[in-house]
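Asker: build me a structure from this.
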Amino acid sequence: MHPDDNLADHSIVTVKAGNLVNRILSTNEGTTSSSGDDDRTAMNLAGTVLSNLFLFLLIFGLSATVDITDVKKQLNNKMALATGVVMQFVMMPLLGYLAVI
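Answerer: Predicted coordinates for the structure are as follows:
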């Protein structure tokens, strides 16, 4: 086996890998070439819209059952507000950071 044969095999693999990467990137950019891809894109869009609609209806339904007097009591509870702010803006980002490292 000649040393140049390994180099030729390596360049063929590199070209094939480059073609594969280009195909993946062009698919991710939204360039579709077949109707099957268009159907999947339409289904993904419909699924996203429906899930957002159901989430809106769920949250709206839950919030519609809350009494205004209960909301006013909680807004006057300074400890509850402070706890919510600390959890939202300190603990959640800290836990997210710790989960990544």
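Asker: if I look at I101, how far off is V90?
Answerer: I101 is 17 Å from V90, where distance means Cβ to Cβ, to the nearest Å. (Each C-beta comes from the backbone N, C-alpha and C, glycine too.)
Asker: who has more neighbours out of these two?
Answerer: Taking other Cβ atoms under 10 Å, I101 and V90 do not tie; V90 has more neighbours (10 against 4).
Asker: now do the helices in this structure.
Answerer: 3-28, 35-64, 68-76, 78-86, 92-100 (DSSP state H).
Asker: between the second one and helix 68-76, how many degrees?
Answerer: Using axes from the mean of the first three to the mean of the last three Cα atoms, to 10 degrees, the direction of helix 35-64 lies 90 degrees away from that of helix 68-76.
Asker: sorry, back to before: looking at the helices of the chain, which has the lowest confidence?
Answerer: Among those, helix 3-28 has the lowest mean pLDDT, at a mean of 54.
Asker: how many neighbouring residues does D39 have?
Answerer: Neighbourhood size, D39 [other Cβ under 10 Å]: 11.
Asker: contacting residues for it?
Answerer: With contact set as Cβ atoms under 8 Å, 6 or more residues apart in numbering, D39 has no partners.
Asker: can you give me the distance of it to A82?
Answerer: 51 Å.
Asker: likewise for M92?
Answerer: In terms of Cβ to Cβ, M92 sits 15 Å off from A82.
Asker: and if you look at I59?
Answerer: As for I59, its distance to A82 is 24 Å (criterion: Cβ to Cβ).
Asker: swap in F89?
Answerer: Computed as Cβ to Cβ, the F89 to A82 distance reads 11 Å.
Asker: same check, this time on L57
Answerer: Counting by Cβ to Cβ, the gap from L57 to A82 is 32 Å.
Asker: and for D37, the neighbour number?
Answerer: 13.
Asker: can you give me the distance of it to N44?
Answerer: With distances taken as Cβ to Cβ, D37 is found 11 Å from N44.
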